[in-house]
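> Could you look at this predicted model? Sequence included:
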Amino acid sequence: MQCRIWIPAIACIAVSTLAAAQEEPAAKQVAAPAADVLEGLVRLPDPASAATLSRAEIVPIELGWDGAGWSFETTFSVERDGPLSLAVLSADAAHWRTRVRTEDGELAELDRSNAAGGVSRRMQVLEDVLPGWVADRYDLAAAAGGRWTIRIDAPDAGPRARPAAGLLLASASSLRLSAHVTSFATLSDREVALAAHVEDSDPPLGGVARTGEVLVETERGSQRLALVDDGEHDDGAAGDGVFGARLPVGTSGEVRAHVRLRGVTSDGLPFARSVLLAFPVIERRTALTGAIAARVEDGERLRLALEAWPLGPPGKLHVSAEVWGTNARGQLVPVCWLSRMLVPEERGELWDLPQFLDGRWLNMARALPPLELRNVRVQDPDTHVVFDALERLPIATRELPVAVGRGPAIVTPDMLMGPVGAGAAPSPAGPRAPSGHALFPRALMLVHGYCSGGSIWPAADFKQPKLAFSDPNANRTHDQFALLLAQAGSALASFGVVGHSQGGPAALHLYTYYQSGLDRALGTGRRIQSVASPYQGTPLASLGGFACGVNNDMTPSGSAAWLAGIPSWARAEVWYWTTSNSGSACSFFTDFLLTNPEDGTVEQFRGQLPAANSMGHTTGWCHTTGMSNPANYTDHARNAQMNAQAAR
C-alpha cells in the first residue's frame, strides 16, 4: 500500500495482517461489576482527555535546488528571551550545514565552535524511532525572542542527488498545544472534527492563539483547513480559545493531520505550536435498530440479542453495554457491564448481536425487572471506532433464569468470564493440558513490543520453563497481537506473561477477551507483568515514519477507546513498571514531543494503568537501545524479580 503523509520521504506502512488464517480462541462473555460502571472505568471518556500534547513547532524540511546547491530556508517563532532548543532530523542531517539569524542579525553557524557562547550540539542516530534518521540537536542557553530564520544547506550534493527530506523542531518554553479528534465515531458517513487549544506554560507567558490551520492527508490527497474559534466547529463556545475544524463527509482511510496554532504572548512576541495526529476514518459496518430480544438461555443466563442492520460484511465486532435494573425502591441501579467479541448471527436481512447476562448479577445488585441497557456501543475490534451507540435500550422479558433470587453473595470467576465452552469463557480452575502439548506444559512467556526485531529479554535472567515469543518487525493491533500470543501458547496448559511495551497491553487484551492458557496460570504469582507499556498511549504512535508505521491502538485517543473496554478484574492481574532517563533526554528527537518524565517513547503519566498494580517508577533506564541510558528491559535486578514472582 502506498500513501502520502505530510512528513516527506517517509513510507506509509500498512498494519500487518496475520500471515495465515488461524482458528481464533473462544471469546469470553466479559462482565464487570456495577462499581466499574459507577466509576466510569468501562465508559468511553471525553475525547479531550486523550489529547496529544506538543511543546514544539514542527516544520517539514524539503531542500530545493537554487542553481548553486540544495538549500532550505524558513522562519520560526521564539516566544521569549532565554533557552531555545532546535533539532534538525533527516537521513542526511549529519551532512548538512545549519545556520540561523534573528530578525536583525546575520546568518550564523550553529556548531561546536559556538559552545563557549552558550550553544551545545549533540547528534543521535534514531534507530528504532525513525530508522535511518539522525537528530542534529542544538541547545542555546540564551536566545532572543522574536522571529528567527533557519537556513539549511547540503554542500556536497550535486544537482541530481536530491537530499532526503526531514523535519525541523523548535521549542523555547513549556507552552503546549493540545489537539484531539472530538469523537470516537470516526466514520466516513459523518463529519469528523478536530479541536485544539494552547495550554500556557509555567511561568505563564500569557499565550493567546490567534490563528490556526490543519493539513490533512489521506491516500486520496491533501487539503488544508482553517482552525476557527467560532463555536460552530466542535470547538466549544465562540472565543473560548479552543479552535476547531471539520473534515468533510466522505473522508476515509488512515488520516494524518498536522495541527498548528499561532499567536502572541502578553509581551507581544509570536509563538507557534504543532501537533501530529493520526487516526482511522472507516466505513460504517452496522447500525443498531433499537430492538432487543430477550430469552432464557439456561438456568443462569439471559440471552440478550441486539438487532442490527448489516451495512458491510459480517466480520468480528466488539459489542458492550451496561445493564441496569430496578431495586426495591423502584430506582434504576447499575447491575453489571457486558462485553463480547462476536461475529454477527445472520437472521434474514438482519443481524443479532447476542450478549449473555448471568442472572446472579441481578442478585448482587438486588435488582429485578424492569431492565434496560445503557451506553450500548458497537465497535471495530481493531480500530475501536464506534460504529453505532445508543444511550438507552429497554429490555422486555417475561421470564428470568432460575438462578435469579438464589444467587451467591460473592462474584465468581464464571460470572466475570462466562462458563467454560466454545463461545463462552474459561474458568481459572486449574491446568488441563491440550492433546499433543509441548515438552513444558506450563511456561513464562517473554513478550517483546511493537516493531521489535525479535526477542529482547536477556535469556539468562529468566529460568525454565519459559517461552520467548517472537513476531519480528511487525505492526499489530492489540487484538491481532493478543491472538498471536494465544497461538504461541496453544501447546501449553498454562502460561504467565512478562511483556515489554505493547506486549503488556496485548497480554491484557488476551486475558480480557479470549480463552487461553493465560487464564490457567499456576501458583499465587503474577499473571501479567510489564515494563514501559503505553497503557494510555504515546504521541509517537501517530508518526507515519515511526518504526513500523502508525499504530492506532497506541495513540492517546486509540488507547483511551481500548482501555474503556478493560474491566477492573482484568487490570488487577497486571503488575507494571515505568522508567525514565537520569539526566540527558533518552532521545534528542522525542524529547520535543513527550512530557517529562519519559523514557524516550512512553511518558510516565501515560504508562499508568488504573486499577492495576503499580510497581513504581525508576530512573536511569530508557525504552530501547541507542538512547542515552540502557534499555529498561536489560535491568537484571527487575528481571530477576519478575522471574521469581511470575505465575506459569
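Here it is on my side, so go on. Residues are numbered from 1 along each chain as shown.

> Every contact and neighbour count from this point should use C-alpha atoms.
Noted.

> Was I right to think Ala532 contacts Ser580?
No. Using Cα atoms under 8 Å, Ala532 is not in contact with Ser580; the gap is 9.2 Å.

> so what sits against both of the two?
Here Ala532 and Ser580 have Asp599 as joint contacts, going by Cα atoms under 8 Å, 6 or more residues apart in numbering.

> more neighbours, the two?
Ala532 (33 against 26; other Cα atoms under 10 Å).

> got the residue ranges for the strands in the stretch 451-600 of the chain?
466-468, 494-500, 528-531, 574-580 (DSSP state E, counting those that start in this stretch).

> Select, out of these, the one closest to Arg295.
strand 494-500 (35.2 Å; Cα to Cα).

> Just the CA atoms of the closest one, as CSV, please.
C-alpha atoms of strand 494-500 as CSV (Å, rounded to 0.1, in the frame of the first residue of the first chain):
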residue,chain,number,x,y,z
SER,A,494,-0.9,-22.6,31.2
PHE,A,495,1.4,-19.6,31.0
GLY,A,496,2.2,-16.2,32.5
VAL,A,497,3.5,-13.2,30.7
VAL,A,498,6.3,-10.7,31.1
GLY,A,499,5.8,-8.1,28.4
HIS,A,500,7.7,-5.0,27.2
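
> Which strands and helices lie in contact with it?
Secondary-structure packing of strand 494-500 (3 or more Cα pairs under 8 Å, 6 or more residues apart in numbering; DSSP states H and E): strand 442-447, helix 503-513, strand 528-531.

> how about CSV for the ones you listed, with distance to Gly454 added?
Below are those laid out as CSV (distance: least, Cα to Cα, whole Å):
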stretch, distance to Gly454
strand 442-447, 9
helix 503-513, 12
strand 528-531, 17
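
> Any idea how many residues pack against Gly231?
Gly231, neighbours per other Cα under 10 Å, totals 15.

> ok, back up a step: to Leu227, which of the strands of the stretch 451-600 of the chain lies closest?
strand 574-580 (35.0 Å).

> From Ala35, how far out is Val404?
Distance, Val404 to Ala35, by Cα to Cα, to the nearest Å: 20 Å.

> just Pro610 next, same as before
Distance, Pro610 to Ala35, by Cα to Cα: 14 Å.

> Is Val323 in a helix, a strand, or coil?
Under DSSP: H, G, I helix; E, B strand; the rest coil, Val323 falls in the strand class.

> contacting residues around it?
So Val323 contacts 334-338, 371-374 (Cα under 8 Å, 6+ apart).

> repeat that for 6 Å
By Cα atoms under 6 Å, 6 or more residues apart in numbering, the contact set of Val323 is 335-337, 373.

> before we move on, what about Gly263?
The contact partners of Gly263, by Cα under 6 Å, 6+ apart, come to 208-210, 270-271.

> Got the confidence number for the residue most central in space within the chain?
Residue closest to the mean C-alpha point of the chain, counted by Cα atoms, centre = their mean, is Met554 at 2.1 Å. You'll see Met554 listed with a pLDDT of 95.

> ok, it touching Tyr535?
No. Using Cα atoms under 6 Å, Met554 makes no contact with Tyr535, being 7.7 Å away.

> Thought Gly231 was touching Ala237, still the case?
Yes. Ala237 lies in contact with Gly231 (Cα under 6 Å); the separation is 4.4 Å.

> Now do Leu350 against Lys316, distance only.
15 Å.

> With Leu53 instead?
Per Cα to Cα, Leu53 is found 33 Å from Lys316.

> sorry, back to before: Asp128: which of the helices and strands packed on strand 494-500 is closest?
Checked against Cα to Cα, the stretch from these lying closest is helix 503-513, at 16.3 Å.

> Check which residues of the closest one are buried.
The neighbour-count check on helix 503-513 (16 or more other Cα atoms under 10 Å) flags 503-513 as buried.

> Identify the residue spatially nearest to Ser274, adjacent ones excluded.
Arg260 (4.4 Å; Cα to Cα, 6 or more residues apart in numbering).

> for that neighbour, what are its contacts?
212-213, 273-274.

> Farthest pair within those?
Largest pairwise distance in the contacts of Arg260, by Cα to Cα, is 11.0 Å, between Glu213 and Arg273.

> Please identify which of these two sits among more neighbours.
More neighbours surround Arg273 than the other of Glu213 and Arg273, with 29 against 21 (other Cα under 10 Å).

> Select the helix or strand of this protein having the lowest average pLDDT value.
Within the chain, no helix or strand scores below strand 108-109, which has a mean of 78 by mean pLDDT, DSSP states H and E.
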